[in-house]
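K.L.:
fold the following, please.
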Amino acid sequence: MRLHIRITGLPEGASPNADATDICRRLGYESMPFTSAWRAGRDTSHSRALILHMSSKETRSAFSRHQSVLHGLPGGTLYMDEDLTRMQVAHRRACMPHILQTHREGSKAFYRDGKVFIDGHPIK
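P.N.:
You can find the predicted model right below:
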């Protein structure tokens with residue numbers, strides 16, 4: 001499990017740490033919940049994703065709970081998601097038909113930490 005969070009939709013500022021600090025302050029944090037921050041990729045012709053490395057799984061989970069607040073911040077909508085490995089992305093894509101079918105049947109389903117959860121319970 002990675003302790004990274006990926007934030008997209010944020011224009012590039014002076015430095016990744018300054019951008020991350022600005023987001024955390026707007027979310028109401030006094031002390032910064034991340035240990036380091038960087039931009040993904042080398043292509044600067046478009047806004048690159050901001051990656052935050054959190055100190056623990058609990059910190060990452062608590063920060064992720066602020067996801068809905070990012071939609072109301074001034075300056076446009078920001079999107080927050082887990083920073084997945086290539087294997088996790090492939091696994092999530094393979095699980096997505098099952099998740100969507102579960103949604104159509106009226107249950108809650110989501111993908112987190114490499115697992116599919118249906119009605120709050122992990123499945124294999």
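K.L.:
got the CA coordinates for the lowest-mean-pLDDT helix or strand in the chain in PDB?
P.N.:
Ranking every helix and strand in the chain by mean pLDDT, DSSP states H and E puts strand 79-82 at the bottom, with a mean of 82. Extracted in PDB, the C-alpha atoms of strand 79-82 (Å, rounded to 0.1, in the frame of the first residue of the first chain):
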ATOM      1  CA  TYR A  79      -9.600  16.100  -7.800                       C
ATOM      2  CA  MET A  80      -8.100  13.900  -5.100                       C
ATOM      3  CA  ASP A  81      -7.400  10.100  -5.600                       C
ATOM      4  CA  GLU A  82      -5.100   7.400  -4.500                       C
END
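K.L.:
so which bits of whichever helix or strand comes after that strand are buried?
P.N.:
Downstream of strand 79-82, the first helix or strand assigned by DSSP states H and E is helix 86-104. Neighbour counts over helix 86-104 (16 or more other CB atoms under 10 Å) mark 88, 91-92, 95, 99, 102 as buried. C-beta here means a position set from N, CA and C on the backbone, and glycine is covered the same way.
K.L.:
could you do stretch 112-124 as well?
P.N.:
Neighbour-count burial for stretch 112-124 [16+ other CB under 10 Å]: 114, 116-118.
K.L.:
what of stretch 58-68?
P.N.:
So stretch 58-68, judged by 16+ other CB under 10 Å, has buried residues 59-60, 63, 66.
K.L.:
go on, stretch 14-33?
P.N.:
Buried residues in stretch 14-33 (16+ other CB under 10 Å): 16-17, 19-21, 23-24, 26-27, 33.
K.L.:
wait, which of these is closest to A40?
P.N.:
Distance to A40 across the buried residues of stretch 14-33 (CB to CB) is lowest for P16, with 9.8 Å.
K.L.:
shouldn't that closest one be in contact with L50?
P.N.:
Yes - the pair P16 / L50 is scored as a contact, 6.0 Å apart, by CB atoms under 8 Å.
K.L.:
can you give me the helices in the chain?
P.N.:
Along the chain, counting by DSSP state H, helices occupy 16-26, 57-64, 86-104.
K.L.:
what residues are bridge-paired with the residue most central in space within the chain?
P.N.:
With distances taken as CA atoms, centre = their mean, D81 lies nearest the centre of the chain, 2.0 Å away. Taking DSSP bridges as the rule, D81 bridges to R6.
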